[in-house]
Each structure stands twice: as C-alpha cells, then as structure tokens.
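> With the input below, show me the fold.
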Amino acid sequence: MAGQVRHTAHIPEWKIREVEELVDKISKSRVVGVVGLREIPADSLQKMRGDLRESVEIKVVRNTIARRALDASPAEIRPLADFIEDQTALIFSDLNPFKLSTILEKGKQPMPIKAGTLAPKDIVIEAGETSFSPGPMVGKLQAAGIPAAIKGGKVVINQKITLAKEGEVVPARIAEILKSMEIFPRNVGLELRGAYEGGLIFRSSDLAIDVEGQVAKMSEASARAFSFAVEIGYPAPATIGPILQKAQAKSRALVLNTGIIVPSMMEFILARAAADARAIASLASGEKAPVAPQATAAPAVEEKEEEEKKDEEGDTAAGFGALFG
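Numbering: from 1, shown residues only. Sure thing, here's the model as predicted:
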C-alpha cells in the first residue's frame with residue numbers, strides 16, 4: 001500500500017477524533033472516493049462544495065489522517081489509500097461511481113494553462129478575425145508563431161495553426177498569448193482518482209466512459225435486433241404486433257395476386273380483377289393502362305414498425321443514460 005501510516009507513541013486528541021469521524025462516515029456511505037485538489041482556487045472549491053452539497057460531501061483532511069481512517073476501516077476499502085497523494089480530499093456520496101464521475105467532470109471549469117506544463121490536448125488556433133485592435137498585439141501573436149496580420153482595420157489570423165500538441169510542454173510565450181486570447185485549454189476541478197462501492201475499487205480510467213457514444217451504440221444495436229426479430233418472426237412482447245401486421249400484409253398481397261377466394265377480401269379481389277380487365281382493354285385499344293389496386297395494409301405495417309423501433313430506441317437510451325445522469 002502506498003503511503004504507509006507511521007504510528008507514533010502520542011497522537012493528539014483532535015487527530016483521533018478526526019479519524020473516528022472519517023471511519024464513521026466511511027461505514028455509513030455507499031460510495032467513498034479520493035479526489036485530487038491541485039490547482040483548484042479556494043473560492044472555486046467553496047463553490048463546488050455548494051453546488052454538490054445535495055449529493056456529495058467533501059472532506060479535506062491531512063493525508064495521514066485519511067490513510068489512518070481507511071486503515072481502520074474494513075479490509076476491502078483499504079486499497080483506496082493507494083490513491084492518496086499530493087493535495088487530496090475524501091468524498092462521500094450515495095451516487096454510483098459512474099454517475100459521480102460524470103458529475104465531477106461536468107463541474108470542472110476552464111482555466112489558463114501555465115508555462116512549463118503539458119498541453120492536455122492539441123491547442124489549435126483557428127483562422128479568422130480576432131477581437132484585438134491593430135497595435136503591439138500583432139507582434140506578440142507573430143512572436144508566438146501565430147500568422148497574424150492587419151486587414152481592414154482588424155487583427156486577423158491568416159491560417160489555422162496548432163501551437164502545441166497533446167503532451168508537449170507549453171512555453172511561456174504561448175501560455176501568455178493563450179491567456180490574452182482567452183483560450184483556456186485546461187479544465188480544472190475535483191479529479192476523481194478512485195472510488196469504492198460494494199466491495200469494489202474503481203480507478204478513474206474505469207469510470208471514464210463516453211456515455212453519449214455508448215447510448216448511441218446501444219440504440220443502434222436495439223434497432224437492429226428489433227428489425228431482425230421482426231424479419232425472422234421471433235415472438236416477443238415488443239415484436240409480436242409488428243410480426244402479425246407484417247404477416248397480415250403479406251397474406252393480403254398473396255390473396256390479391258393469386259385470386260384466392262376469401263370473403264373479407266372479395267371487394268379487393270373484384271377491384272383487382274376489374275382493374276386487370278380495364279388494363280387488358282386499354283392495351284387492346286392502344287390506350288394507357290390504368291394502375292391495378294395494391295394491398296393497402298403494407299404501408300401501415302411499415303409505419304407501425306418504424307414507430308415501434310423509435311419507441312424501443314428511446315426506452316433503451318433513457319434506461320442506459322439514467323445510470324450516468
């Protein structure tokens with residue numbers, strides 16, 4: 001376990017109380033998480049606490065106290081101490097770890113990047129007009145490697161350029177110009193490093209899920225499964241209606257095309273026969289042949305199938321999305 005707790009002969013009373021309070025919270029919480037606090041301004045942390053108060057409790061304590069509390073808790077949660085390092089806080093919630101991770105990610109705020117830090121993603125400057133007035137700013141942009149010029153009384157960037165690729169160190173001149181352009185490549189907030197729920201420890205990589213992408217894939221799979229089930233006649237509560245309607249449409253078409261005597265279809269059979277007769281008469285006289293009547297149930301079936309598929313996709317998306325908030 002990283003960061004072993006060092007036991008001393010005398011432990012102040014206030015530390016003992018803090019550890020006991022944390023152990024009590026750990027025992028009563030569905031989910032316990034370890035979050036990083038580095039680079040979060042104090043006022044931003046206070047705002048986050050306020051925004052999350054109804055669903056997440058944040059406890060900022062010394063790392064040694066957090067480790068002692070986990071060390072005094074059940075064995076299955078103790079590995080959470082491996083995520084305690086640097087500036088850390090413990091969080092407690094009844095939300096599942098995936099939903100908790102999503103909420104914390106949404107709560108992050110864009111911040112200027114500091115000189116000497118690594119670019120979290122490709123930093124790209126788009127071509128076009130800027131909000132700057134002609135003056136010294138043109139030289140600063142050019143010094144940072146940005147192809148800027150004055151056109152029509154405006155400072156214009158002539159072409160799209162990548163100032164730094166993901167993982168590259170951002171030099172001071174680029175960090176300064178990005179701040180001037182109000183381009184904030186970093187999102188700063190509570191960084192969920194690990195979470196415990198029901199005997200399982202989740203790493204941040206386990207919780208980083210492309211929810212929209214997964215919901216789209218589930219919806220697509222659901223639609224394909226529905227169409228396939230209807231096509232092969234697989235009976236299920238959601239498919240039995242469209243299957244019967246499709247069978248009805250096909251049987252009506254068969255009756256019309258073969259002239260099988262069915263009482264409920266006599267009107268259509270006679271209309272079809274009359275149309276065929278007119279068509280033959282028209283061909284014999286050299287006139288344009290009229291269009292023969294078609295089975296009328298088929299279009300309704302197709303529309304019904306489409307509605308059923310949309311309902312299925314909606315239900316699937318709603319159910320899956322609810323897991324992540």
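
> Who are the packing partners of the helix or strand harbouring Glu21?
Of the helices and strands defined by DSSP states H and E, Glu21 is found in helix 13-28. In terms of contacts (3 or more C-beta pairs under 8 Å, 6 or more residues apart in numbering; DSSP states H and E), helix 13-28 is packed against strand 56-59, helix 63-71, strand 88-93. Glycine gets a C-beta too; all of them are placed from N, C-alpha and C.

> would you turn those into a markdown table with mean neighbour count, distance to Ala271 and mean pLDDT?
Output for the helices and strands packed on helix 13-28, formatted as a markdown table (neighbours: other C-beta atoms under 10 Å; distance: least, C-beta to C-beta, whole Å; pLDDT from 0 to 100):
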| stretch | mean neighbour count | distance to Ala271 | mean pLDDT |
| --- | --- | --- | --- |
| strand 56-59 | 17 | 69 | 94 |
| helix 63-71 | 21 | 81 | 95 |
| strand 88-93 | 21 | 68 | 95 |
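
> Reformat these as a markdown table; add distance to Ile232.
Formatted as a markdown table, the helices and strands packed on helix 13-28 follow (distance: least, C-beta to C-beta, whole Å):
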| stretch | distance to Ile232 |
| --- | --- |
| strand 56-59 | 48 |
| helix 63-71 | 54 |
| strand 88-93 | 45 |
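
> what residues does whichever helix or strand comes after the helix holding Glu21 touch?
Scanning forward in sequence from helix 13-28, with DSSP H and E defining helices and strands, the next element found is strand 31-36. Taking C-beta atoms under 8 Å, 6 or more residues apart in numbering as the criterion, the residues outside strand 31-36 that touch it are 25-26, 58, 66, 77, 80, 83-84, 86-97, 100, 104, 190-197.

> Drop anything exposed from those residues.
Of all those considered here, the ones buried according to neighbour count by 16 or more other C-beta atoms under 10 Å are 25-26, 58, 66, 77, 80, 83-84, 88-93, 95-97, 100, 104, 190-197.

> hang on, the earlier thing: which among the helices and strands packed on helix 13-28 is found nearest to Pro235?
strand 88-93 (43.1 Å; C-beta to C-beta).

> quick one, the closest one and helix 13-28 angle?
Counting by axes from the mean of the first three to the mean of the last three C-alpha atoms, to 10 degrees, strand 88-93 points 40 degrees away from the direction of helix 13-28.

> who's in contact with strand 88-93?
Surrounding strand 88-93, the residues in contact under the criterion C-beta under 8 Å, 6+ apart are 22, 25-26, 29-37, 55-61, 63, 66, 69, 100, 190, 192-193.

> which residues in this protein form strands?
Using DSSP state E, the strands assigned to the chain run over residues 31-36, 56-59, 88-93, 109-111, 123-125, 128-129, 148-151, 154-157, 161-164, 186-188, 191-197, 200-203.

> Please convert those strands to JSON lines, extending it with distance to Ala279.
As requested, those are exported to JSON lines (distance: least, C-beta to C-beta, whole Å):
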{"stretch": "strand 31-36", "distance to Ala279": "73"}
{"stretch": "strand 56-59", "distance to Ala279": "75"}
{"stretch": "strand 88-93", "distance to Ala279": "74"}
{"stretch": "strand 109-111", "distance to Ala279": "71"}
{"stretch": "strand 123-125", "distance to Ala279": "66"}
{"stretch": "strand 128-129", "distance to Ala279": "64"}
{"stretch": "strand 148-151", "distance to Ala279": "70"}
{"stretch": "strand 154-157", "distance to Ala279": "69"}
{"stretch": "strand 161-164", "distance to Ala279": "68"}
{"stretch": "strand 186-188", "distance to Ala279": "70"}
{"stretch": "strand 191-197", "distance to Ala279": "72"}
{"stretch": "strand 200-203", "distance to Ala279": "71"}
